[in-house]
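K.L.:
Only the shape, not the letters, is given here:
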């Protein structure tokens, strides 16, 4: 009888482990995780004429971004990627930043300051 209980516990543990593995695999490979999200915050003290996010497959463009406003730009990716952020300010200056390497499903934050771009995790 004791052996039967141990065998049942072993089978139950194996089934639960398999279910957890499938759930983690699905979470990492689901279509919802196939996008990279970049949150851009304007703290320059002036309007931004254009925010351009250049990546391997093209670019995402947003116009205009007002003082103190925030926008989230997203693009699809199959594996690893990188992006460059170019912001054209109202006075014509360009601020540049971005990530040289980023993985699918990642979210990041780019803060536009008067003289630079500060990158960080959200």
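P.N.:
All right, it came through fine. From a predicted model like this one, the values you see are computed outputs, not experimental measurements.

K.L.:
Can you give me the neighbour number for the closest residue to residue 70 other than its chain neighbours?
P.N.:
Closest residue to residue 70 apart from its sequence neighbours, by Cβ to Cβ, 6 or more residues apart in numbering: residue 41 at 4.8 Å. Heads up, the C-betas are built off the backbone N, CA and C, glycines and all. For residue 41, the number of neighbouring residues by other Cβ atoms under 10 Å comes to 16.

K.L.:
quick one: contacts for residue 41?
P.N.:
Residues in contact with residue 41, defined by Cβ atoms under 8 Å, 6 or more residues apart in numbering, are 69, 70, 109, 110, 111, 112.

K.L.:
partner residues bridging the fourth one?
P.N.:
Going back to what we said before, that points to residue 110. When bridges are called by DSSP bridges, residue 110 pairs up with residue 40, residue 119.

K.L.:
Would you map the helices across the chain?
P.N.:
Taking DSSP state H as the criterion, the chain carries its helices at 2-29.

K.L.:
Poorly predicted segments of it, please.
P.N.:
Low-confidence segments of the chain, defined by pLDDT under 70: 27-33, 122.

K.L.:
re the thing from before, just the buried ones from the contacts of residue 41?
P.N.:
Buried members of those, scored by 16 or more other Cβ atoms under 10 Å, are 109, 110, 111, 112.

K.L.:
Next, format the residues you listed as CSV and append distance to residue 81.
P.N.:
Putting those into CSV (distance: Cβ to Cβ, whole Å) gives the following:
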residue, distance to residue 81
109, 17
110, 15
111, 21
112, 21
